[in-house]
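A.B. asks: here is the input, now give the coordinates:
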Amino acid sequence: MTDSGRDAMTELREYSNLIGGELRPASGGGTLESVDPATGEVWATIPRSTAEDAAAAVAAARAAFPRWSGMPAAGRAHYLRKVAAVFAENARELAELETRDNGRIISETAKRDLPGMTYLWNSAAAECAAAVEGRSVDFGPSSLGVTRREPYGVTLGIIPWNSPISTFSAKAAFALAAGNTVIIKPAEQATASTLRVGELLREVLPAGVLNIVSGLGEEAGDPLVRSRGVDKISLTGSVHTAKIITRASADSLKPLALELGGKSPNIVFADADLDKAAPGVTTQAIFTANAGQICYGGSRILIQRPVYDEMIFRMKALAERIRLGDPMSMETTMGPIVSREQYERVVSYLEIGAKEGAELVFGGRSGAAVVDDDRYAGGYWVEPTLFATGDNSLRICQEEIFGPVAVVIPFDTEEEALALANDSVYGLAAGVWTNSLGTAQRMFRNLETGTVWVNTFRKVMFPLEGVKDSGYGHDSVMAYTREKSGLFEI
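C.D. replies: Modelled structure (predicted):
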């Protein structure tokens, strides 16, 4: 966005919930401020919803379910293709809103995120028919066994602040394709872009099929999770939030899909192509466009000793080229941290790493000192930072930081690399850089993660499913259906 474009957005925007096809403020009139993380200034307000708003969304979704689930698959596919067209037609506006809301730079939102959403919704439309397929088993001349896929009913998608539109689409598109109706609860730190999507889709989808309720977790999210009118929950978020949701949903025993945090190992063997591995462990994996705020970010970099010094040299050179600044500029390569709270958390780990005795290889600065433009002096900036250590037990090696902070650990053997990689409570993803097919296959088989990338990183696949404290379950059309069996005696 140009400076004039940013100036045009200085007027405080007001956003509303989408409930039952209507745009509504919070029932109690409360609002929350949305802060531009690049400047630290308020630019919009969102509803501070209550249990009453949550109940209204559940009622609307339940009322819409019979008609939506009873619609032929081709009919639902038609609606989802119309949604894909809305994303295509409004891609630039939505990309700019996403960038303004959470600091994810415009080159990422405009060139990667929004085009991907058009593809995702069209893909979901193509899978509508699969969601109603069943099987038959012939038990004899007078017995026939059959199965059918059925939607759960009302599904609740709880989405994070690091990539709102992408996670909204993954949860809503697949659930709708399967015949469910949907409620989305966005993170309060970055809600505006999702609410704007609701405004646009209100003109496309039947009333009540999609509902969006913003607000605080304890005030709006908890009533939704506890509601017996919600049949399935899908969360992308933190382990802490997952534990709260698991306890809160226990009384109604609803199925959960939890895509949680990570401390992903990114492993470079001595035979790797270093021209690919160096960016693969830096700008692709952790020093990213949204400042390393990625659940599967490669924040533990394991390098075999023969190439350790060369990789450090290359990583430094790449980090020095990263440009922090105006997220609306195509020349910017890394944005700010999403909120003051998260900024303070990331900065605290810079101090923790130093106190633990880790070597600071590069970076370590934060705040106004890392941006040249005074307009962004109040923003939440942390420069790419790399620590080095030989001790994987340090907090900076074990705890998810969720920012542009990584640690590099040398190793000697394949067995040592595997032991270091698996020495974590997390298991979302891993990267392996090698020209040995045998090494790649052994690491793929033995790494305790849901996804392994070989000679690449951060190319998202569905399903993206973790193990250990990284959660379980995933978002796909079939995951939003359950199988019913029947036996017919004739």
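A.B. asks: quick check: residue 477 touching residue 132?
C.D. replies: No. Using Cβ atoms under 8 Å, residue 477 is not in contact with residue 132, being 10.3 Å away. Any C-beta I mention is one placed from the backbone N, CA and C, and that applies to glycine too.
A.B. asks: neighbour count: those two, which is higher?
C.D. replies: Per other Cβ atoms under 10 Å, whichever of residue 477 and residue 132 has more neighbours is residue 477, with 23 against 17.
A.B. asks: the closest residue to that one other than its chain neighbours and residue 257, how far apart?
C.D. replies: With Cβ to Cβ, 6 or more residues apart in numbering as the measure, residue 127 is the residue that lies nearest to residue 477, at 4.3 Å, once sequence neighbours are left out. Between residue 127 and residue 257 the computed distance is 17 Å (Cβ to Cβ, to the nearest Å).
A.B. asks: neighbour-wise, which of those two wins?
C.D. replies: residue 257 (22 against 18).
A.B. asks: for that one, phi and psi?
C.D. replies: Phi and psi for residue 257, reported as degrees, to the nearest 10, are phi -120, psi 120.
A.B. asks: which residues are in contact with the residue lying closest to it once chain neighbours are set aside?
C.D. replies: For residue 257, the nearest residue in space outside its immediate sequence neighbours is residue 473; the separation is 3.0 Å by Cβ to Cβ, 6+ apart. Applying Cβ atoms under 8 Å, 6 or more residues apart in numbering, we find residue 473 in contact with 234, 255, 256, 257, 258, 259, 465, 479.
A.B. asks: where does the stretch 101-250 of the chain dip in pLDDT?
C.D. replies: Scanning the stretch 101-250 of the chain for pLDDT under 70 picks out no residues.
A.B. asks: can you map out the strands along the stretch 151-300 of the chain?
C.D. replies: In chain order, the stretch 151-300 of the chain shows strands spanning 154-158, 181-185, 210-212, 232-236, 256-259, 265-268, 300-304, with DSSP state E, counting those that start in this stretch as the criterion.
A.B. asks: would you reformat the ones you listed as a markdown table and include distance to residue 116?
C.D. replies: Below are these laid out as a markdown table (distance: least, Cβ to Cβ, whole Å):
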| stretch | distance to residue 116 |
| --- | --- |
| strand 154-158 | 17 |
| strand 181-185 | 18 |
| strand 210-212 | 19 |
| strand 232-236 | 16 |
| strand 256-259 | 17 |
| strand 265-268 | 23 |
| strand 300-304 | 27 |
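A.B. asks: of all these, which lies closest to residue 221?
C.D. replies: Minimum separation from residue 221 across the strands of the stretch 151-300 of the chain (Cβ to Cβ) falls at strand 181-185, 5.0 Å.
A.B. asks: other SSEs contacting the closest one?
C.D. replies: Contacting strand 181-185 under the criterion 3 or more Cβ pairs under 8 Å, 6 or more residues apart in numbering; DSSP states H and E are the following elements: helix 51-70, strand 154-158, helix 164-177, strand 210-212.
A.B. asks: list the contacts of that strand.
C.D. replies: Contacts with strand 181-185, where a contact means Cβ under 8 Å, 6+ apart, come from 57-58, 61-62, 64-65, 68-69, 153-159, 168, 171-172, 175-176, 194, 208-215, 217, 220-221, 224, 230.
A.B. asks: pretty sure residue 156 is touching residue 226, no?
C.D. replies: No. With contacts defined as Cβ under 8 Å, residue 156 does not count as touching residue 226, sitting 10.6 Å away.
A.B. asks: between these two, which one's more packed in?
C.D. replies: A side-by-side neighbour count of residue 156 and residue 226, using other Cβ under 10 Å, places residue 156 first with 31 against 17.
A.B. asks: need the contact list for the more buried one.
C.D. replies: 182, 183, 184, 185, 224, 225, 230, 232, 233, 234.
A.B. asks: could you list the domains of this protein?
C.D. replies: Domains of the chain are assigned by automatic domain parsing as 3-260+471-485, 265-460.
A.B. asks: and the contacts of residue 473, which is the shakiest by pLDDT?
C.D. replies: Taken together, the contacts of residue 473 show their lowest pLDDT at residue 465, with 87.
A.B. asks: thinking residue 186 is in contact with residue 164, fair?
C.D. replies: Yes. When contacts are counted by Cβ under 8 Å, residue 186 is listed as touching residue 164 (5.8 Å).
A.B. asks: quickly list what's touching both of the two.
C.D. replies: Any residue near both residue 186 and residue 164 by Cβ under 8 Å, 6+ apart counts here, and that gives residue 194.
A.B. asks: out of the two, which sits in the busier spot?
C.D. replies: With neighbours defined as other Cβ under 10 Å, residue 186 and residue 164 compare such that residue 186 has more, 30 against 27.
A.B. asks: how far is stretch 373-383 from where the chain is centred?
C.D. replies: What separates the centre of stretch 373-383 from the centre of its chain is 24 Å, taken as Cα atoms, centre = their mean, to the nearest Å.
A.B. asks: quick one: the strands in the stretch 351-490 of the chain?
C.D. replies: With strands called from DSSP E, counting those that start in this stretch, the stretch 351-490 of the chain shows them at 359-362, 385-388, 405-411, 426-427, 429-433, 451-454, 467-468, 471-472, 481-489.
A.B. asks: could you dump those to JSON lines with mean pLDDT, mean neighbour count and distance to residue 87?
C.D. replies: Putting the strands of the stretch 351-490 of the chain into JSON lines (pLDDT from 0 to 100; neighbours: other Cβ atoms under 10 Å; distance: least, Cβ to Cβ, whole Å) gives the following:
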{"stretch": "strand 359-362", "mean pLDDT": "98", "mean neighbour count": "14", "distance to residue 87": "38"}
{"stretch": "strand 385-388", "mean pLDDT": "98", "mean neighbour count": "24", "distance to residue 87": "35"}
{"stretch": "strand 405-411", "mean pLDDT": "98", "mean neighbour count": "25", "distance to residue 87": "33"}
{"stretch": "strand 426-427", "mean pLDDT": "97", "mean neighbour count": "26", "distance to residue 87": "32"}
{"stretch": "strand 429-433", "mean pLDDT": "97", "mean neighbour count": "29", "distance to residue 87": "26"}
{"stretch": "strand 451-454", "mean pLDDT": "96", "mean neighbour count": "20", "distance to residue 87": "25"}
{"stretch": "strand 467-468", "mean pLDDT": "95", "mean neighbour count": "16", "distance to residue 87": "32"}
{"stretch": "strand 471-472", "mean pLDDT": "94", "mean neighbour count": "21", "distance to residue 87": "27"}
{"stretch": "strand 481-489", "mean pLDDT": "91", "mean neighbour count": "12", "distance to residue 87": "24"}
